[in-house]
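Chemist: this one's structure only:
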DNA sequence: CGCTATTTGTTCAGTGGTTGAATTATTTGA
DNA sequence: TCAAATAATTCAACCACTGAACAAATAGCG
């Protein structure tokens, strides 16, 4: 199935070119070394004539550039390799979390060109105050980007909570936010490029979703399926199916933290009982490790746990084993349901992966029906802290790569 | 997002026509009354000229037909309504289960033109013997179909087990099958139309998947997202996301029966403990209701349970309440994870829905984070017994509707 | 009954984008 | 220096869609 089942709209002449622009650009992005026009023609099935025409459009629009002449290889006219432009459009990624703000800029080629983190406990601040600080950070990122010749094509903001299509944060429990209209509050900053192709200049999304996207594009292939579990104060998950993020019917998928692990376990903030969060959330782990009252900032707490576990502290080791088992039970259910082959431990779980991985794997191999045929990989996230910001910035440029015609046709 | 992210292949001139054939055909199929060419043009955004040309191709290929002249409506030249052909291609749906075989034929318009069920306990038979009987049933269906002027375009066989791409049944626990090469054994029957468009003439798939597809196409809209839970001896689920079946990375999604409900509950056949199946599988319900030794055929067992529950038998009511609660716990996890808005109780659960629904709903409203914003519907399946056969046959004709060019270009 | 208004469906020149073959460009190797 | 080889461009042909004009078929009205 390479084609969507039911076309959504009319296909006119121009759609052909739109499609082939995306096709060629996608191959340039996916190639491991700058491909020539001839190689692209062979790879896509288009004729060399068509590829030349398409590439001409892409060059004119500053989406690709011709690479430095490569060292000679054989007889014949030398090929001119094509690479993604590093002086064209770029994406701005923003993140707001309980104890830090982050901003980063990613160019078309996926390189992180700017990255800055601002640590501060944001819980005492009002949403407007917190977002004002974020606007400062964004302005600095923008200045950096334009200084390097980049054009910001859009921004994505990661929030640890439920967000609706319009960017309204319905609920961010750990920030204490409820019904915060983020785009309006953040719109005070310098304007980004206006709506491109129907997408607003600022997209607000769940932190776990964007972190999963970051993980997807950090990996080698773009067509993976995995579950990215992000263990912060709450536990969120991003679900990537066949290379694209699954958002659910209303965009609120991934609430793995409230999967029941023991239906009659301890009560949870959500109103249920025995949710995963009550066993493997950060507070639960700290409490089990006897570090409950320490009141450490969230990220420090994680590093502290890793240190103590590395030193062999028995209470911490037992706490992590318990959390890992609970996580494994929940993840086994997910893997049974969705038939995924990879589980990524991200966010606060990444540094704890050495201790969480064994119990998670044990539960999976006990409970997953198909584990015998095809093993399930459990690994820590490749991207470190603030993966969500990078993922968000990446999502902006991926949107351009997926539909370059929209960018090329933008009003200038 | 109406367009796939990364085009998979070259888009040539002909692709345009291919796409628009599918577009127009899809609108004809989705319309609630035969649309005219002019209405199609208005609805799709194509010009009337293009629609005429496309419709001409579809008429020539016997995929659509002109409807009877409709009663007059206003001034102007009368329109000629277009309907899906009922004398063109049709799909053959087959099902093999523990205690019955079924075959049915569905035409392009989705009407069931033939349906026959053969009841017999298949467990004592070898796979070859069982499939020989199914071949007989299929031959009768074919004779019926050709008698009505239909051309069988392909077949889908539903099996209660894990199936790989090649049609090899890796494991069907309740039939006692392991590594059965179904297409080879069933291939002895009269040949179907040869490979159309790269798809083999016989597709073997999981029973729960095909039942979910049947439910999808029985519904009004083609773009739904829901979980179809099929409670037979085992418990399977078909996951429909945005109008298409999600099969998982390897095609083995939906094993909801082995989601852990109580991690330290009773041991399960799969090796785990406390799986959903040990609480809400048919055997578990019968045991809890005190009907364990009765040794009823599976479908009779379900009707018996419904009778007793209807009569107010306290043991049965309690058994169903317990099963419903366990099911609700598992389903709540799924809904939290995937953000679905509908859960369909199918297979053996359909007749028991009046008693299962309340506890399932109760667990969902307790445990699903977003239930407050947007309620989750729980309803019995619209299709009755052998829904998988109908769904399978439907999947064959849907494939033609989704890609009519492949059918039109077939060698004749 | 004839005329007009109205809507449907078809015809046809025009256009955009791809195709395939021929042509030009640029290098290696004999 | 020339032939072989490979890359990229050019150009006539072609395909499918567009837009406008046209033909077909009816209702309403005098």
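Modeler: Good, I have the coordinates. This one's a predicted model, so the numbers in the text were calculated from it and none came from an experiment.
Chemist: how much space between the residue of the stretch 301-412 of chain A found nearest DNA strand C and DNA strand D?
Modeler: Closest contact between the stretch 301-412 of chain A and DNA strand C, by CB to the nearest atom of the strand, is at residue A:405 (9.2 Å). Backbone N, C-alpha and C define where each C-beta goes, glycine included. Counting by CB to the nearest atom of the strand, to the nearest Å, the gap from residue A:405 to DNA strand D is 16 Å.
Chemist: Excluding chain neighbours, give the residue nearest to that residue in space.
Modeler: Closest residue to residue A:405 apart from its sequence neighbours, by CB to CB, 6 or more residues apart in numbering or on different chains: residue A:18 at 3.9 Å.
Chemist: Run through the neighbouring helices and strands of the helix or strand encompassing that neighbour.
Modeler: Using DSSP states H and E, residue A:18 sits within helix A:13-30. Here helix A:13-30 touches helix A:37-44, helix A:48-60, strand A:82-84, helix A:387-402, helix A:404-408, helix B:13-30, going by 3 or more CB pairs under 8 Å, 6 or more residues apart in numbering or on different chains; DSSP states H and E.
Chemist: how about it: buried residues?
Modeler: Of the residues in helix A:13-30, A:15-29 count as buried by neighbour count, 16 or more other CB atoms under 10 Å in any protein chain shown.
Chemist: so how far is residue B:183 from the residue of the stretch 301-412 of chain A closest to DNA strand C?
Modeler: Look at residue A:405 and residue B:183: by CB to CB, to the nearest Å, they are 43 Å apart.
Chemist: Please say which of the two ends up with more neighbours.
Modeler: When residue A:405 and residue B:183 are compared for neighbours, residue A:405 comes out ahead with 20 against 17, by other CB atoms under 10 Å in any protein chain shown.
Chemist: Do I have it right that the more buried one meets residue A:16?
Modeler: No: counting by CB atoms under 8 Å, residue A:405 sits too far from residue A:16 to count as a contact (10.6 Å).
Chemist: for stretch A:341-358, how far is the first residue from the last?
Modeler: Stretch A:341-358 has an end-to-end distance of 16 Å (criterion: CA to CA, to the nearest Å).
Chemist: Equivalent analysis for stretch A:275-282, please.
Modeler: OK, stretch A:275-282 end separation, CA to CA: 13 Å.
Chemist: So the residue nearest to residue A:405 sits against residue A:402, correct?
Modeler: No: at 10.8 Å, residue A:18 does not count as touching residue A:402 under the criterion of CB under 8 Å.
Chemist: close to DNA strand C, is the helix holding residue A:18?
Modeler: Yes: Helix A:13-30 reaches DNA strand C (CB under 7 Å from any atom of the strand) through A:13-14, A:16-17, A:20.
Chemist: which residues sit against stretch A:268-282?
Modeler: With CB atoms under 8 Å, 6 or more residues apart in numbering or on different chains as the test, stretch A:268-282 has contacts from A:173, A:231-235, A:256-267, A:284, A:298, A:301-302, A:322-324, A:326-327, A:330, A:348, B:332, B:366-367, B:369.
Chemist: could you point out where chain A is predicted with low confidence?
Modeler: Filtered on pLDDT under 70, chain A yields the residue ranges A:1-10, A:69-73, A:187-199, A:222, A:293-299, A:412.
Chemist: Select the longest helix from it.
Modeler: For chain A, the longest helix by residue count, based on DSSP state H, is helix A:314-338.
Chemist: what's that helix packed up against?
Modeler: Against helix A:314-338 (3+ CB pairs under 8 Å, 6+ apart) you get strand A:226-231, strand A:235-241, helix A:277-280, helix A:282-288, helix A:298-310, helix A:353-367, strand B:235-241, helix B:314-338.
Chemist: With distance to residue B:279 as extra columns, can I get these in JSON lines?
Modeler: Converted to JSON lines, the helices and strands packed on helix A:314-338 look like this (distance: least, CB to CB, whole Å):
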{"stretch": "strand A:226-231", "distance to residue B:279": "25"}
{"stretch": "strand A:235-241", "distance to residue B:279": "25"}
{"stretch": "helix A:277-280", "distance to residue B:279": "21"}
{"stretch": "helix A:282-288", "distance to residue B:279": "26"}
{"stretch": "helix A:298-310", "distance to residue B:279": "35"}
{"stretch": "helix A:353-367", "distance to residue B:279": "15"}
{"stretch": "strand B:235-241", "distance to residue B:279": "10"}
{"stretch": "helix B:314-338", "distance to residue B:279": "3"}
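Chemist: who in the stretch 151-300 of chain A is up against chain B?
Modeler: A:162, A:170, A:222, A:225, A:237, A:239, A:241-244, A:246-256, A:258-263, A:270-272, A:275 (CB under 8 Å from any CB of the partner chain).
Chemist: Buried ones among those residues?
Modeler: A:162, A:170, A:222, A:225, A:237, A:239, A:241, A:244, A:246-256, A:258-263, A:270, A:272, A:275.
Chemist: my read is residue A:155 is in a strand, agree?
Modeler: Yes: assigned with DSSP: H, G, I helix; E, B strand; the rest coil, residue A:155 falls within a strand.
Chemist: shouldn't residue A:324 be in contact with residue A:359?
Modeler: Yes: between residue A:324 and residue A:359 there is a contact under CB under 8 Å: 3.2 Å.
Chemist: Tell me the buried residues in the helix or strand encompassing residue A:142?
Modeler: Element membership for residue A:142, per DSSP H and E: helix A:127-147. Buried residues in helix A:127-147, counted by 16+ other CB under 10 Å: A:127, A:130-131, A:134-135, A:137-138, A:141-142, A:144-145.
Chemist: And stretch A:384-398, by the same measure?
Modeler: Across stretch A:384-398, burial judged by 16+ other CB under 10 Å covers A:385-398.
Chemist: Give the burial count for the closest residue to DNA strand C within the stretch 51-200 of chain A, as a bare number.
Modeler: Across the stretch 51-200 of chain A, the shortest distance to DNA strand C (CB to the nearest atom of the strand) belongs to residue A:77, at 3.2 Å. The tally of other residues near residue A:77 (other CB under 10 Å) stands at 6.
Chemist: Confirm it sits in a helix?
Modeler: No: assessed with three-state DSSP, residue A:77 is coil; it does not lie in a helix.
Chemist: what's the distance between it and DNA strand D?
Modeler: 3 Å.
Chemist: List the buried residues of the longest helix of chain A.
Modeler: A:316-317, A:319-338.
Chemist: so that helix versus strand B:235-241, what angle?
Modeler: Angle, helix A:314-338 to strand B:235-241, by axes from the mean of the first three to the mean of the last three CA atoms, to 10 degrees: 80 degrees.
Chemist: what's the angle between helix A:314-338 and helix A:298-310?
Modeler: Using the same axes, to 10 degrees: helix A:314-338 against helix A:298-310 is 110 degrees.
Chemist: between helix A:314-338 and strand B:226-231, how many degrees?
Modeler: Between helix A:314-338 and strand B:226-231, the angle comes out at 90 degrees (the same axes, to 10 degrees).
Chemist: what's the following helix or strand after helix A:314-338?
Modeler: That would be, after helix A:314-338 and using DSSP H and E, strand A:342-347.
Chemist: Get me the contact residues on chain A for DNA strand D.
Modeler: So chain A meets DNA strand D at A:10-13, A:36-39, A:48-49, A:52-53, A:55-56, A:74-80 (CB under 7 Å from any atom of the strand).
Chemist: Check chain A for the residue nearest DNA strand D and tell me.
Modeler: Closest to DNA strand D within chain A is residue A:76: 2.3 Å, counting by CB to the nearest atom of the strand.
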